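Novice: Kindly return the folded structure for what I paste below:
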Amino acid sequence: MRLSTLSFVILSAIAVSSVHAEDAASHFSVLDANHFAVEAELLGTKTNGSEVDRLPDNLLSDGRPALSGTSRSYSSYLLANVYVGLGSGFELSANLPYIMRNHTEISYNDGRDYIYNKDGLTDVTLGLKYRAFKSKDDNDTALIKGTFLHHSNSVGTMHVEIDYLHQFSSSLKNGIEFYYDKKQGGPDSIGASDYLIYRVTPQVSFSPYISISKVLGYANNFSYSTYAGGAQLSYQADASLVITPAITFGHMNEVNNNFYANIIGPQHYVTGSLFVRKTF
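Specialist: Below is the predicted model of the structure:
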């Protein structure tokens, strides 16, 4: 059972890490005092992966693994997000995801099959964003962001993030993000992302982005890296309403685990989302 349980944990982690909100412009800005925004996001992720058994006793005579398997995961979320400008460069946020579907299928070459399903409300993430620096010409902005998620199973996750936005012109900006996640009981992770924000027309912005992260080793588990890239297309319907579809493609390196009987192979995922943000 350890084989399938670890696989489900890995695939669920991919799905959860894909859950995000805010268009790129909002991500690198702070609401003014007495302003707030509400946002709804619909998100879906499909993941394909593999795993093999590489314990010495389970190798064939030619060195190939005696046990191998494939995995597929489908997840969809509906998120409700609220952002409140507190003044003095501070912004408070609350994010509540509802799992509409989190379905995982794992099949092994020895005939064993496992299916996992999960749905329903999950836990609220609370966050605080602070604009630590803004140049006089408004071309450079630095933000510090922290969030806290307290799971119903008493496991917590703290996220610390530093963002820097540079404006090359009125139509072109570049934002860089660095973060560190501390998870009770592990694993912790670090990562960085880069967003290019290009205003195509007064109402339309195109934002390609890339990211890399590393899940740090803990206990008997080795570290591994993930890579992702995608794009957002934001439509400013009016001064307060933004509609943004987005797509992300990701790859997770092999997870080499010397405690469980298997080694999770490469995982590939694609995530599509549509979110609508209204500012008041």
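
Novice: Correct me if wrong: Leu96 contacts Glu41.
Specialist: No - look at Leu96 against Glu41 with C-beta atoms under 8 Å: they stay out of range, at 10.7 Å. Every C-beta, even on glycine, is put in place using the N, C-alpha and C of the backbone.

Novice: Now the helix or strand where Asp119 lies: average pLDDT?
Specialist: If you go by DSSP states H and E, Asp119 is part of strand 113-121. The average pLDDT within strand 113-121 is 82.

Novice: do the same with stretch 269-278
Specialist: 94.

Novice: roughly how far is the strand holding Asp119 from the heart of the chain?
Specialist: How far strand 113-121 lies from its chain's middle: 20 Å, per C-alpha atoms, centre = their mean, to the nearest Å.

Novice: And the next helix or strand past it?
Specialist: Using DSSP H and E, the next helix or strand after strand 113-121 towards the C-terminus is strand 125-134.

Novice: next one: that next one to chain centre, how far?
Specialist: On C-alpha atoms, centre = their mean, the centre of strand 125-134 falls 18 Å from that of its chain.

Novice: tell me the SS of the nearest residue to Phe249 once chain neighbours are set aside?
Specialist: Among residues not flanking Phe249 along the chain, Val270 sits closest, at 5.3 Å (C-beta to C-beta, 6 or more residues apart in numbering). Here Val270 is strand, with the state taken from DSSP: H, G, I helix; E, B strand; the rest coil.

Novice: What count of nearby residues applies to Val270?
Specialist: Val270 has 16 neighbours, counted by other C-beta atoms under 10 Å.

Novice: Same question for Thr122.
Specialist: 20.

Novice: what's the distance between the residue lying closest to it once chain neighbours are set aside and Gly111?
Specialist: What sits nearest to Thr122 in space, not counting adjacent residues and going by C-beta to C-beta, 6+ apart, is Pro97, at 5.0 Å. For Pro97, the distance to Gly111 equals 35 Å [C-beta to C-beta, to the nearest Å].
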